[in-house]
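Colleague: next comes the sequence, and after it the predicted model I'd like to discuss.
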Amino acid sequence: MNSGFGKKKAVFLDRDGVLCEDTDYVTSFEKLHIFGFAKEAIRLIHQKGYLAIVVTNQSGVARGLMTEEMVIKLNYFLQIQVGVDAIYYCPHLPPDKIEIPPYHIRCDCRKPEIGMIQKAVDEWNIDLSLSYMVGDRESDIQVGIKSGMKTVYISEKNEKIADYVCRNVLEFVQSYLED
């Protein structure tokens with residue numbers, strides 16, 4: 001997507017492993033452990049003129065581990081706690097996986113597909129060429145590449161699968177995110 005008048009820039013963030021601990025499946029408030037630096041990272045993202053938008057695969061719904069209502073409650077709590085602008089989630093799994101109806105579909109929203117990104121672009125008037133995708137999995141990096149964003153891989157290892165490799169999102173925001 002080309003830069004245009006009035007377009008916004010955004011930092012897209014995976015949820016589990018970026019803003020909170022990845023505790024296998026975050027299916028309850030007891031398993032939602034928000035990183036202490038998450039709120040500060042979001043504040044700095046906003047201060048530098050970016051939207052902060054979460055895009056997260058939540059296949060625990062399709063696997064029958066939690067309800068979609070619980071995902072919405074957890075996401076809302078996270079949004080209030082850290083101040084992200086919006087959260088988009090995908091509850092699906094492809095039909096060849098073990099899942100429950102009606103979530104066993106091939107969708108365009110499950111990362112690395114770009115459906116959640118496109119929905120955010122449409123709703124928030126975002127210029128992807130000025131935006132970043134921050135994640136801790138290869139599917140996060142792939143969706144960023146497919147969408148034409150700069151990519152940030154959150155990892156303790158120095159694996160160069162993205163434009164930037166950082167230990168956490170705060171390190172990225174403080175060291176690399178431009179105003």
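Modeller: Structure received.
Colleague: what is whichever strand or helix holds Gln118 packed up against?
Modeller: Assessed by DSSP states H and E, Gln118 sits inside helix 115-124. Contacts defined by 3 or more C-beta pairs under 8 Å, 6 or more residues apart in numbering; DSSP states H and E place helix 115-124 against strand 9-13, strand 50-57, strand 86-90, helix 138-147. Any C-beta I mention is one placed from the backbone N, CA and C, and that applies to glycine too.
Colleague: then the very next helix or strand once past it to PDB, C-alphas only?
Modeller: Going down the chain from helix 115-124, the next helix or strand is strand 132-135, by DSSP H and E. Output of strand 132-135 as PDB, limited to C-alpha atoms (Å, rounded to 0.1, in the frame of the first residue of the first chain):
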ATOM      1  CA  TYR A 132       6.200  -2.500  11.600                       C
ATOM      2  CA  MET A 133       5.300  -6.100  12.500                       C
ATOM      3  CA  VAL A 134       6.700  -7.300  15.900                       C
ATOM      4  CA  GLY A 135       6.400 -10.900  16.700                       C
END
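Colleague: contact partners of strand 132-135?
Modeller: With contact meaning C-beta atoms under 8 Å, 6 or more residues apart in numbering, strand 132-135 is reached by 10-14, 17-18, 50, 55, 111, 117, 140-141, 143-144, 147, 149-154, 169, 172, 177.
Colleague: and for stretch 55-70?
Modeller: With contact meaning C-beta under 8 Å, 6+ apart, stretch 55-70 is reached by 12-16, 25-28, 71, 75, 87-93, 97-100, 103-104, 110-111, 116-117, 120, 133, 139, 143.
Colleague: and stretch 160-179, by the same measure?
Modeller: 11, 13, 18-19, 35, 37-38, 40-41, 44-45, 48-50, 132, 134, 138, 141, 144, 150-159.
Colleague: of those, buried ones?
Modeller: Buried members of the contacts of stretch 160-179, scored by 16 or more other C-beta atoms under 10 Å, are 11, 13, 18-19, 35, 37-38, 41, 44-45, 50, 132, 134, 141, 144, 150-155.
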